[in-house]
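> I'll drop the sequence and a predicted model, then ask my questions.
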Amino acid sequence: SPKDSRPRVSKVPRPSSLQARTVARDRPRITRKGQRMAQIRPTVGIDVSKETLDVAVHPSGEHFVVTNDEAGWRELIRRLRPYDVRAIGAEASGGYERGVILALVAAGLPVSNVNPWRLRQFAKAAGVLAKNDRLDAAAIAWFVATLPCHEVRHDPAVARLAELVQTRRQIVDLRQEVANQLEHIEDRDLRRMQTRRIRQLAADEVRLDKRIAEAIAATPVLAKRAKLLSSVPGVGPVLVATVLALLPELGSLSRKAIGALVGVVPYDFDSGKMRGVRCIWGGRAAVRRVLFMAAQAACQWNPVMKAF
């Protein structure tokens, strides 16, 4: 018949930029044998800005916005409770994500801090080239649903130590910057002004060193680990504090995983017969910078390191 002679055209569904192939169901699906299929647990993505939080739920596609303050965090937790979420991802955003992450951790919800670079590469690989808060939140939700992420474990003692260590690093950098500027200043008043700043920053650095030592000594676990680290020739108080504060995973991961986390593991760059140059990539630059200086000292005073 004319109807049967028509060419058959397969219907291609529209590609959804941020939808997985699985579909969320309100009720468990019943198979032919009467067995219930496992219900899909949703994931949540939070795009953080200074004033607001864009929240997306995957795979349902629900989206809402709350304020980035205590009232907004309470509203967020209230709305997420009924979902029984499997994972929540929040993109690092210059520190503005800390409040909501701590609130979610205190509420017992599984939250992970998502690396912005990995997230952007994930979105590009999925064909999502546009970027805005709504799309970013959906991409984060899809990211934590697809790739394994480590949950945030909040330790108040480590958090306080990290704040002190990071502030000390900023003061050291600022003191070096002012000293570099002083070399090129000819005006006597400006030179006196910059000299006072350098003295003040040096005094602040000494006070922070004292507070860091007190913070470590006040926590038995940190004090025990600090003693163990200090027993290695070439490891001084700055490296000890940096590792305790910014690399708390040390001791719980393998040496290869820790090396990759710090960013000192050279990665392969091979294809077929081509053997490329091995290079390090990523990692925690703040830890790596201090480790480099410690390695320079260890190469002179540590017999094991000196052999290399």
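Perfect, I can see it now.

> Assign Ile140 to helix, strand or coil.
helix (DSSP: H, G, I helix; E, B strand; the rest coil).

> Not counting its neighbours along the chain, what's nearest it?
Gly45 (2.9 Å; CB to CB, 6 or more residues apart in numbering). Heads up, the C-betas are built off the backbone N, CA and C, glycines and all.

> Just say helix, strand or coil for the one you found.
strand.

> what's across from it in the sheet?
Counting by DSSP bridges, Gly45 is bridged to Ala56, Gly89.

> And for it, the neighbour number?
When counting by other CB atoms under 10 Å, one arrives at 29 neighbours for Gly45.

> Where do the helices of the stretch 51-200 of the chain begin and end?
70-80, 98-106, 116-125, 133-146, 156-182, 188-217 (DSSP state H, counting those that start in this stretch).

> Highest mean neighbour count out of those?
helix 133-146 (a mean of 24; mean count of other CB atoms under 10 Å).

> quick check: mean pLDDT across that helix?
Averaging pLDDT along helix 133-146 yields 94.

> cool, and stretch 202-210?
On average, stretch 202-210 scores 97.

> same check, this time on stretch 105-112
93.

> what's the answer for stretch 301-308, then?
For stretch 301-308, mean pLDDT is 74.

> quick revisit: ok, the residue nearest to Ile140 - contacts?
Counting by CB atoms under 8 Å, 6 or more residues apart in numbering, Gly45 touches 55-56, 58, 88-90, 136-144.

> what's stretch 79-86 in contact with?
Outside stretch 79-86, the residues touching it (CB under 8 Å, 6+ apart) are 41-44, 55, 57, 64, 66, 88, 109-110, 145.

> For Leu222, state which of those residues is nearest.
Nearest to Leu222, judged by CB to CB, of the contacts of stretch 79-86 is Pro110 at 25.8 Å.

> shaky segments in this protein?
Along the chain, segments meeting pLDDT under 70 span 1-39, 308.
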